[in-house]
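>>> Need coordinates for the following:
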Amino acid sequence: MPALAVDIRDLWAFYNGMPVLEEINLGIETGKLVGILGPNGAGKSTLLKVILGLMAPSRGQVRVFGEVPGKLRHRGEVVGYLPQRPLSNPHFPVSVLDVVLMGRYGRVGLLRRPGRRDQEIAIQNLERVGIPHLATRPIGEISGGEQQRVFIARALCVEPRLLVLDEPTVSLDACAQDDVYDLVHRLKEELNLTVLMVSHDIGGVARHVDDIVCINRRIHVHQAPPIGRLGLESAFGCSVEYLFHGEIPHRVVKVHDD
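Below is the predicted model:
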């Protein structure tokens with residue numbers, strides 16, 4: 001049986017007494033690139049928080065590479081994370097290299113300055129994501145697609161085994177989205193990573209991932225793409241129609257009468 005990077009059993013999570021996640025049983029195999037899909041409010045971000053150790057489950061068991069996520073988080077290792085809004089102030093006067101170096105703080109500690117080895121790792125990861133020439137540029141003066149590459153490089157500075165990406169292509173144009181997907185797939189292969197990627201872009205995810213998890217409080221689908229109509233309707237809670245390119249659905253909308 002393949003080793004599991006993430007092993008979740010009978011997970012429940014509540015906000016203000018209301019269930020956000022119910023009876024989640026999920027195993028993510030080591031080395032897989034897994035897309036997590038679902039409508040707004042489906043519990044996708046909550047699931048990531050539990051896996052990251054940022055939130056304790058109300059009930060159930062979660063293990064990341066066999067360990068409780070909170071322990072891994074306090075050690076500042078194993079998991080690299082790209083949140084939905086990684087740049088709270090786009091005009092903050094900090095360079096691209098300084099942003100990437102922030103990914104080393106979990107290793108060196110907040111009260112210690114990054115050393116030469118940390119600088120080398122940061123530059124190496126800028127090279128991995130294809131933007132070493134931007135190292136001295138202010139983070140607010142580069143494009144959205146370039147910024148996402150910066151934040152992926154920052155996540156890689158943890159030297160992770162698991163990379164968690166929450167909506168990495170949001171607000172990017174179609175070309176920039178494809179570039180990010182291609183980059184993540186290449187990094188997964190090059191660094192032997194397990195990758196979890198939340199997205200609303202069903203077509204983009206389906207072209208690049210090994211497995212898809214459709215979630216709406218519960219797991220409705222966990223399989224390799226493509227996904228059928230029934231799986232999507234179950235997860236998204238409405239009738240849907242597709243625009244297809246081959247077997248890949250590019251868009252999901254409510255079915256309507258002409």
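>>> mind listing the strands for this structure?
Taking DSSP state E as the criterion, the chain carries its strands at 4-15, 18-29, 33-37, 59-64, 79-82, 162-166, 194-198, 211-216, 218-223, 240-245, 248-254.
>>> ok, now how distant is the residue positioned nearest the centre of the chain from residue 10?
Residue closest to the mean C-alpha point of the chain, counted by Cα atoms, centre = their mean, is residue 165 at 1.7 Å. Here residue 165 is placed at a distance of 26 Å from residue 10 (Cβ to Cβ, to the nearest Å). (Glycine included, C-beta is placed from N, CA and C.)
>>> One more: residue 91?
45 Å.
>>> Just the buried positions in stretch 57-65, please.
57, 60, 62, 63, 64, 65 (16 or more other Cβ atoms under 10 Å).
>>> swap in stretch 89-98?
Applying 16+ other Cβ under 10 Å to stretch 89-98 flags 95, 96, 97, 98 as buried.
>>> pLDDT at the second one, what is it?
Pointing back at residue 96 there. With respect to pLDDT, residue 96 has a value of 96.
>>> Confirm for me that it is in contact with residue 136.
Yes: taking Cβ atoms under 8 Å as the definition, residue 96 is a contact partner of residue 136 at 7.2 Å.
>>> Low-confidence stretches in the stretch 151-258 of the chain?
Applying pLDDT under 70 to the stretch 151-258 of the chain flags residues 228-258.
>>> just the CA coordinates of the longest helix belonging to the chain, formatted as PDB?
Longest helix in the chain by number of residues (criterion: DSSP state H): helix 174-191. The C-alpha atoms that make up helix 174-191 are tabulated as PDB, following Å, rounded to 0.1, in the frame of the first residue of the first chain:
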ATOM      1  CA  ALA A 174      -5.100  32.600 -18.400                       C
ATOM      2  CA  CYS A 175      -1.500  32.600 -19.600                       C
ATOM      3  CA  ALA A 176      -0.200  33.300 -16.100                       C
ATOM      4  CA  GLN A 177      -2.400  30.600 -14.700                       C
ATOM      5  CA  ASP A 178      -1.000  28.000 -17.100                       C
ATOM      6  CA  ASP A 179       2.500  29.100 -16.200                       C
ATOM      7  CA  VAL A 180       1.800  28.600 -12.500                       C
ATOM      8  CA  TYR A 181       0.300  25.100 -13.100                       C
ATOM      9  CA  ASP A 182       3.300  24.100 -15.300                       C
ATOM     10  CA  LEU A 183       5.700  25.400 -12.600                       C
ATOM     11  CA  VAL A 184       4.000  23.600  -9.800                       C
ATOM     12  CA  HIS A 185       4.000  20.300 -11.800                       C
ATOM     13  CA  ARG A 186       7.700  20.700 -12.600                       C
ATOM     14  CA  LEU A 187       8.600  21.500  -9.000                       C
ATOM     15  CA  LYS A 188       6.600  18.500  -7.800                       C
ATOM     16  CA  GLU A 189       8.700  16.200 -10.100                       C
ATOM     17  CA  GLU A 190      12.000  17.900  -9.500                       C
ATOM     18  CA  LEU A 191      11.800  18.000  -5.700                       C
END
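>>> got the contact list for it?
31, 33, 128-130, 143-145, 148-149, 152, 156, 163, 165, 168-169, 172, 193-195, 197, 201, 204-205, 207-208 (Cβ atoms under 8 Å, 6 or more residues apart in numbering).
>>> tilt between it and strand 194-198?
160 degrees (axes from the mean of the first three to the mean of the last three Cα atoms, to 10 degrees).
>>> ok so, going back, which residues sit in contact with the residue nearest to the centre of the chain?
Applying Cβ under 8 Å, 6+ apart, the residues near residue 165 are 82, 152, 155, 184, 195, 196, 197, 198.
>>> Specify the beta-bridge partners of the nearest residue to the third one once chain neighbours are set aside.
Which is residue 155. For residue 155, ignoring the flanking residues on the chain, the nearest one in space by Cβ to Cβ, 6 or more residues apart in numbering is residue 80 at 3.4 Å. In this structure, residue 80 bridges to residue 163 when assessed by DSSP bridges.
>>> Residue 80 and residue 33, how far apart?
When residue 80 is compared with residue 33 (using Cβ to Cβ), they lie 14 Å apart.
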